[in-house]
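Colleague: Sequence and computational prediction follow.
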Amino acid sequence: MRLKLAALDDFATLRRLFDDPSLSGWGGLGRPSDALIRAKYLGTRLSEVECFIVLVEEEAVGIVQMHSEGGGSAGIDLILSSAARGQGTGRLVVDAIIAPARERGIDRLTVDPDVKNEHGIRFWRAVGFELRSTTGEEVGREPYLLMCREVE
């Protein structure tokens with residue numbers, strides 16, 4: 001497994017990933033438009049958000065984003081295709097994102113799984129994230145947990 005920083009010429013790869021039914025609804029409702037993929041996942045939206053393509057044997061199987069939150073903290077979002085789940089890939093991705101986090105002066109990573117996402121919460125705990133708080137419903141978002149892990 002390796003992470004590849006998404007570049008403008010990775011659009012076709014990201015389009016294929018977002019057309020995978022197992023990624024349906026991630027990042028918003030419905031099928032994301034080409035313009036949204038270019039803006040949100042190819043680095044043209046915000047410079048403090050980096051998108052990495054998760055490759056297993058050079059096949060794109062998911063995406064991990066890291067977004068600076070200031071103060072030495074960064075949030076991460078991870079989505080894997082159903083074929084890559086349950087294979088240890090998620091754990092490898094979390095281990096691999098530590099190096100770029102360190103390079104950017106990040107000392108704490110955060111994730112925010114929905115309260116109802118029991119599988120996701122178990123995963124994040126298993127890879128070293130600890131509960132910090134539970135947030136009530138926000139406009140357009142279900143209640144979620146804030147979980148953190150120190151970058152070692």
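Modeller: Alright, I've got the coordinates. Numbers count the residues shown, from 1 in each chain.
Colleague: Going by C-alpha atoms from here, please, whenever you check contacts or count neighbours.
Modeller: OK.
Colleague: Please enumerate residues in contact with the longest helix along the chain?
Modeller: Scanning the chain for the helix with the most residues, using DSSP state H, yields helix 89-103. For helix 89-103, contacts defined as CA atoms under 8 Å, 6 or more residues apart in numbering pick out 1-3, 54, 64, 74, 78, 80, 107, 127, 151-152.
Colleague: okay, these in TSV with neighbour count next?
Modeller: Formatted as TSV, the contacts of helix 89-103 follow (neighbours: other CA atoms under 10 Å):
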residue	neighbour count
M1	17
R2	18
L3	20
V54	28
V64	23
A74	23
L78	18
L80	21
D107	17
V127	14
V151	16
E152	8
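Colleague: quick one: which of those residues sit in strands?
Modeller: 2-3, 54, 64, 74, 78, 80 (DSSP state E).
Colleague: Among those, which one lies nearest to E48?
Modeller: For these, the minimum distance to E48 (CA to CA) is 9.5 Å, reached by A74.
Colleague: residue ranges for the strands of the protein, please.
Modeller: Counting by DSSP E, the strands of the chain are 2-5, 49-56, 59-70, 73-80, 108-111, 130-135, 144-150.
Colleague: so which of the ones you listed is the most packed in?
Modeller: strand 108-111 (a mean of 22; mean count of other CA atoms under 10 Å).
Colleague: Tell me the strands beside it, with direction?
Modeller: According to DSSP bridges, strand 108-111 forms sheet pairs with strand 73-80 (parallel), strand 144-150 (antiparallel).
Colleague: What residues does T110 make contact with?
Modeller: Counted by CA under 8 Å, 6+ apart, T110 has contacts 73-76, 129, 146-149.
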